[in-house]
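Visitor: pasting the structure only:
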């Protein structure tokens, strides 16, 4: 099979979308499929055997880590030369919309995948007036694709309520050889705690992800400030546009900022913590949640899309239902969840073990097989002759 991927976002940027695309390209190479990726300029010309053709872009004003990427004439030529069996638009905005037109011009079947709640981000970044237009625009682009893949049942339900159709689940997996409890490091814990106390005496709360306000980090920061810092320590893994503000807000309490981590360093950080604190309400799946669970951590999260499909409330973690709560009430309620997990070792152990067992049921090969079946279904349908009335 020959798959052309058109994406607004790719490596070296690190987030759930780029990591999923990297996994997809690796899977395609391992299983004998050919791939072409058209996306933002990354300085890369190849990844996992796939040719990468980049383009310039202008940062989105409300989400500067994403860009308005320009569709180059070279893209049309490479698509035509590559002769894809199918074109896959990843989170189509500007580049994806042009890619849709190009695929139609070349008479190629098109699918899309929904990864990022851009309409919700409009509210988080102070431009709520664009929320409804963004939903309408997203719906328009995705409706012209044979299938729209989404990562979780709850996200599919949300999209159905917004008028999306032809939805199919493309879930995610986790590398359990990389993310596992056995990577726990006393040395790393001691470095976080600055060796003032024995590493096992404090409970380590860990957040991993983009450091940005759409991740609801103000609730985490304010909740942590209310806790007894003789009993717990917060570690924040990642970077992003709110990094300096979060550092300033937590300047007078004990916190470790690691910056971006990946590979074994990230896996060791997960396994060396005790609780995964993840208050985000804007997920479509929550890859870091699954990695934390595979590392044996209970999750302190929110009852929101994506995360609610991974965490069983009261079994593998706690999910706070934030609807109807004022910000101060949400902070106190979330602090209560963290405090309960800090104080109850038996609960942490029980939930962490259950989380580990759940995570081990989700593999990347199985997730990719569902996507490949979707590709095959669309290619087969496109090859059928039109019925004559």
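Guide: All right, it came through fine. Since the model is a prediction, treat every value here as computed from it, not as a measurement. Numbers count the residues shown, from 1 in each chain.
Visitor: hey, let's count contacts and neighbours off CA atoms from now on
Guide: Noted.
Visitor: Run through this structure and note the low-pLDDT ranges.
Guide: 60-66, 124, 126, 195-200, 386-389 (pLDDT under 70).
Visitor: rerun that using 80 as the cut-off
Guide: 12-14, 57, 59-70, 119-128, 194-201, 384-389 (pLDDT under 80).
Visitor: how long is stretch 10-18 from one end to the other?
Guide: In stretch 10-18, first residue to last residue: 5 Å (CA to CA, to the nearest Å).
Visitor: Revised request: answer the last question for stretch 287-302.
Guide: First-to-last distance for stretch 287-302 - CA to CA - comes to 15 Å.
Visitor: ok, residues contacting stretch 326-342?
Guide: 203, 219-220, 222-224, 226-227, 231-232, 275, 277, 300, 318, 320, 322, 347-348 (CA atoms under 8 Å, 6 or more residues apart in numbering).
Visitor: Among these, which ones are in strands?
Guide: Using DSSP state E, 203, 232, 275, 277, 300, 318, 320 are the members of the contacts of stretch 326-342 that sit in strands.
Visitor: Among the contacts of stretch 326-342, the buried ones, what's the ChimeraX command?
Guide: Buried members of the contacts of stretch 326-342, defined by 16 or more other CA atoms under 10 Å, are picked up in ChimeraX with:
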select :203,219,220,222,223,224,227,232,275,277,300,318,320,322,347,348
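Visitor: Now for residue 187, how many residues are close by?
Guide: Residue 187 is flanked by 12 other residues according to other CA atoms under 10 Å.
Visitor: Output the ones in strands among the contacts of stretch 326-342 as TSV; include the columns distance to residue 187.
Guide: Output for those, formatted as TSV (distance: CA to CA, whole Å):
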residue	distance to residue 187
203	15
232	17
275	18
277	22
300	25
318	29
320	33
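Visitor: any idea which of those is closest to residue 238?
Guide: Nearest to residue 238 among those, counting by CA to CA, is residue 277 at 13.5 Å.
Visitor: Can you give me the domain boundaries for this structure?
Guide: 2-173+363-383, 181-359 (automatic domain parsing).
Visitor: Quick check: which of those is buried the most?
Guide: Burial among the domains of the chain, expressed as mean neighbours by mean count of other CA atoms under 10 Å, is greatest for domain 181-359, which shows a mean of 20.
Visitor: Just list whatever residues bridge to residue 40.
Guide: With DSSP bridges as the criterion, residue 40 is bridged to residue 55.
Visitor: wait, isn't it in contact with residue 69?
Guide: Yes - applying CA atoms under 8 Å, one finds residue 40 in contact with residue 69, separated by 6.3 Å.
Visitor: what touches both of those two?
Guide: Common contacts of residue 40 and residue 69 (CA under 8 Å, 6+ apart): 8, 55, 56, 57.
Visitor: Would you check how far apart the last one and residue 281 are?
Guide: Computed with CA to CA, the distance linking residue 57 and residue 281 is 28 Å.
Visitor: Tell me the one of the shared contacts of residue 40 and residue 69 nearest residue 355?
Guide: After measuring the shared contacts of residue 40 and residue 69 against residue 355 - CA to CA - the closest member comes out as residue 8, at 32.6 Å.
Visitor: For that closest one, give me the backbone phi and psi.
Guide: Dihedral pair for residue 8: phi -80, psi -10, per degrees, to the nearest 10.
Visitor: now it, nearest residue through space, not along the chain?
Guide: Ranked by CA to CA, 6 or more residues apart in numbering and with sequence neighbours excluded, the top spatial neighbour of residue 8 is residue 39, at 5.7 Å.
Visitor: got it, and residue 237?
Guide: Of all residues beyond its chain neighbours, the one nearest residue 237 is residue 208 (4.5 Å), with distances taken as CA to CA, 6+ apart.
Visitor: Give me the distance between the residue nearest to residue 8 and residue 255.
Guide: Distance, residue 39 to residue 255, by CA to CA: 36 Å.
Visitor: Alright, I will stop here.
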